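Chemist: Pasting the sequence and the predicted model now:
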Amino acid sequence: MLVAAAVCPCPPLLVPEVAAGAAPELDSARAACADALGVLAAARPDLLVVIGPAEKDGRGTHAEGTRGSFRGFGVDLDVRLGADRDGRPGADQDGRPDEDRGEASARALPLALAVAAWLLERVGWSGAPIEGLGVGEPLAAERCIQAGRDIAARAERVALLVMGDASACRTLKAPGYLDERAAPFDEEVARALGAADLAALQALDAELAYELKASGRAPWQVLAGAAEGAGLDGRLLYDDAPYGVGYLVAAWS
């Protein structure tokens, strides 16, 4: 059963080495993420599953110890998802097992999970075993919700670290340019995350989220499936769009 969840944004700029001179602009977001991860640690889970958006080659499960990198941003920085333990073979989003452990472990973490790994290293996570799940943007709401239900049934006490950004269309200089639908969309997501409103998250419009470049839609719906019957309360810890992209941090317990 799900006992706690942390929702964090996943821009590489959260990593100070990547942000360089702009790093102070996201200090409050980093602090909020640390607070949310503290809620996970306090819940003493048996399993922590880290969920985030991923391109095709990063979708599916990522075993504990899988490595990620920020070298693509010109930064000599590598991360690892939790401890370097032997893991069981994973499965892709259709439930098919990886062909072999060697192939699975050779895959690098998708960027969102690399940011999550950095956050976990930053707070010195030493709790439950960790598993990563990269979720593709096209995954339908029904499958996201079912995936969440399956994850919640994995252990007696499951925690989730859910990575994803809100819309990328809040200003003229945003990656997706200005879209008048972006602010209302983000406001509703922020309200739903702060209130742990499962029905609202499950009902998010996948097409609208795609048009607004909201990478968190599928991970949030996995969370909504996992939290069914858990009776968790939510708190919104951060809500801003410093670069025209909505960044939200929430904690559920």
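Modeler: On my side now, so go ahead. As the structure is a prediction and not an experimental result, all values here were calculated from the model.
Chemist: so where's the chain uncertain?
Modeler: For the chain, the stretches with pLDDT under 70 are 84-106.
Chemist: for this protein, what spans make up the helices?
Modeler: Along the chain, counting by DSSP state H, helices occupy 16-19, 27-42, 101-106, 111-122, 141-152, 182-195, 198-202, 206-211, 217-226.
Chemist: out of these, which comes closest to residue 74?
Modeler: helix 16-19 (8.5 Å; CB to CB). Every C-beta, even on glycine, is put in place using the N, C-alpha and C of the backbone.
Chemist: and residue 66, what is it in contact with?
Modeler: 80, 81, 105, 107, 108, 109, 113, 132 (CB atoms under 8 Å, 6 or more residues apart in numbering).
Chemist: Where neighbours are concerned, which of the residues you listed has the most?
Modeler: Neighbour counts for those (other CB atoms under 10 Å) peak at residue 132, which has 30 neighbours.
Chemist: could you check the distance from residue 155 over to residue 110?
Modeler: 23 Å (CB to CB, to the nearest Å).
Chemist: Leaving out sequence neighbours, find the closest residue to the residue positioned nearest the centre of the chain.
Modeler: In the chain, the residue lying closest to the centroid (CA atoms, centre = their mean) is residue 163, at 1.5 Å. Computed as CB to CB, 6 or more residues apart in numbering, the closest residue to residue 163 that is not its neighbour in sequence is residue 52, at 3.5 Å.
Chemist: residues contacting residue 83?
Modeler: Counted by CB under 8 Å, 6+ apart, residue 83 has contacts 64, 65, 129, 130.
Chemist: and with 7 Å instead?
Modeler: Residue 83 sits next to 64, 65 when contact means CB atoms under 7 Å, 6 or more residues apart in numbering.
Chemist: In this structure residue 32 contacts residue 236, no?
Modeler: No: between residue 32 and residue 236 there is no contact under CB atoms under 7 Å: 9.3 Å.
Chemist: Looking at the two now, which is surrounded by more residues?
Modeler: A side-by-side neighbour count of residue 32 and residue 236, using other CB under 10 Å, places residue 32 first with 24 against 17.
Chemist: how close does that one get to residue 181?
Modeler: Distance from residue 32 to residue 181, by CB to CB: 25 Å.
Chemist: repeat for residue 225
Modeler: Taking CB to CB, one finds residue 225 at 25 Å from residue 181.
Chemist: Which of the two has more residues huddled nearby?
Modeler: residue 225 (23 against 13).
Chemist: ok, and the closest non-adjacent residue to the more buried one?
Modeler: Nearest one to residue 225, counting by CB to CB, 6+ apart, is residue 148 at 2.6 Å.
Chemist: Run through the residues that contact that neighbour.
Modeler: Residue 148 touches 222, 223, 224, 225, 226, counting by CB under 7 Å, 6+ apart.
Chemist: could you redo the last one with a cut-off of 10 Å?
Modeler: 2, 49, 51, 160, 162, 198, 201-202, 219-228 (CB atoms under 10 Å, 6 or more residues apart in numbering).
Chemist: Type out the ChimeraX command that picks the buried ones from those residues.
Modeler: To isolate the buried members of the contacts of residue 148 in ChimeraX, using 16 or more other CB atoms under 10 Å:
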select :2,49,51,160,162,198,201,202,219,220,221,222,223,224,225,226,227
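Chemist: Tell me which of the helices of the chain is the most buried.
Modeler: Mean neighbour count (mean count of other CB atoms under 10 Å) peaks for helix 217-226 among those, with a mean of 29.
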